[in-house]
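Asker: Predicted model, plus sequence, below.
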Amino acid sequence: MLFLFRKVSSLSITITSPTSYSASLFRLKNMASINNSNGNSSRLAVLAHQLRLYKPPPPADADDDDQVVSQVGFAESATPVGNQPSERFKPKRAAVLICLFEDNNDCGVDGLRVILTKRSSSLSTHSGEVSLPGGKQEEADVDDADTATREANEEIGLDPSLVNVVAVLEPFLSKHLLRVIPVIGILSDRSAFNPTPNVDEVEDVFDAPLEMFLKDENRRSEQREWMGDTYLVHFFDYEMGNKKYLIWGLTAGILIRAASIVYKRPPDFLEQNPKFKVPGVVNKDTTMP
């Protein structure tokens, strides 16, 4: 499981692993033919069709060594970072699941919601922080969708058979330069999912409206600096019942991007896309503030 920062430059994308990405798309086509025994609402069916047609924007042109790296809160986009020589930049891979479902009782304008977790307070890193279900790729994983759904099953007991994977988004980079692939899945029957969190990793399972990540309400940002350039980190305050959550960093950035794709519009706030240059040396100790 992970809560991660990323560094990205814009909302366009570089496909960093064509083989793995193609495998994920192949799986999407197969899953698209699966009949949903519970029956999708017409809205979810339309959304699934829309997302299956999603194509990441083309990569930007390369300028030798004067290249940007993904910014915290944005995708690994408009950057040739994935085309760097392997000895210079070869990040490990992970995937997170953006699991969407429809809440017809939602009092808001839109009932589309996303499942989130709060990390266990006993973890040594990012304890108590909000995250999307996910984790590092394992050798047995077929593709990014397999990684994301496997991790969701291990972390919160979400049966992969309940999730219809419909899109694989462009990569994000974490604070430690881990390449994170967001996978969008649709849960058509929310009542079939009874969260059973792995207490060693997950303290709480909750959900939030996806559209909130496009709104300027209950949001703030902080300006930070890395390698002489500045960027914005976004923070969303969310309250559900008597519990309060802070959704920020990589998780917030991925959800901003996902919401932009689902609702086909940009957020109501400035994202700020600085042009970070690739460090001369990228290793396990290379991190962002």
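Answerer: All right, it came through fine.
Asker: Mind listing what's buried along the strand ranked longest in the chain?
Answerer: With DSSP state E applied, the strand covering the greatest number of residues in the chain is identified as strand 229-240. Of the residues in strand 229-240, those buried by neighbour count under the rule 16 or more other Cβ atoms under 10 Å are Y231, L232, V233, H234, F236, Y238. Where C-beta positions appear, they are placed from N, C-alpha and C, glycine not excepted.
Asker: quick one: which helix or strand includes E217?
Answerer: In this structure, E217 sits in neither a helix nor a strand according to DSSP states H and E.
Asker: about what we covered before: so which elements touch the longest strand of the chain?
Answerer: Using 3 or more Cβ pairs under 8 Å, 6 or more residues apart in numbering; DSSP states H and E as the contact criterion, the secondary-structure elements in contact with strand 229-240 are strand 202-209, strand 219-226, strand 243-248, helix 249-263.
Asker: Given the third one, what are its sheet partners and their directions?
Answerer: Partner strands and pairing direction for strand 243-248 (DSSP bridges) are strand 229-240 (antiparallel).
Asker: Next: the second one.
Answerer: Here strand 219-226 is paired, per DSSP bridges, with strand 229-240 (antiparallel).
Asker: Can you check what angle separates the strand it pairs with from strand 202-209?
Answerer: Here strand 229-240 runs at an angle of 90 degrees relative to strand 202-209 (axes from the mean of the first three to the mean of the last three Cα atoms, to 10 degrees).
Asker: continuing past the lowest-mean-pLDDT helix or strand in the chain, what's the next helix or strand?
Answerer: The helix or strand with the lowest mean pLDDT-type score in the chain, counting by mean pLDDT, DSSP states H and E, is strand 68-69 (a mean of 37). Beyond strand 68-69 on the C-terminal side, the first helix or strand identified by DSSP H and E is strand 93-102.
Asker: Packing partners of that following strand?
Answerer: For strand 93-102, the packing partners by 3+ Cβ pairs under 8 Å, 6+ apart come out as helix 42-52, strand 112-119, strand 134-136, helix 144-156, strand 179-187, helix 249-263.
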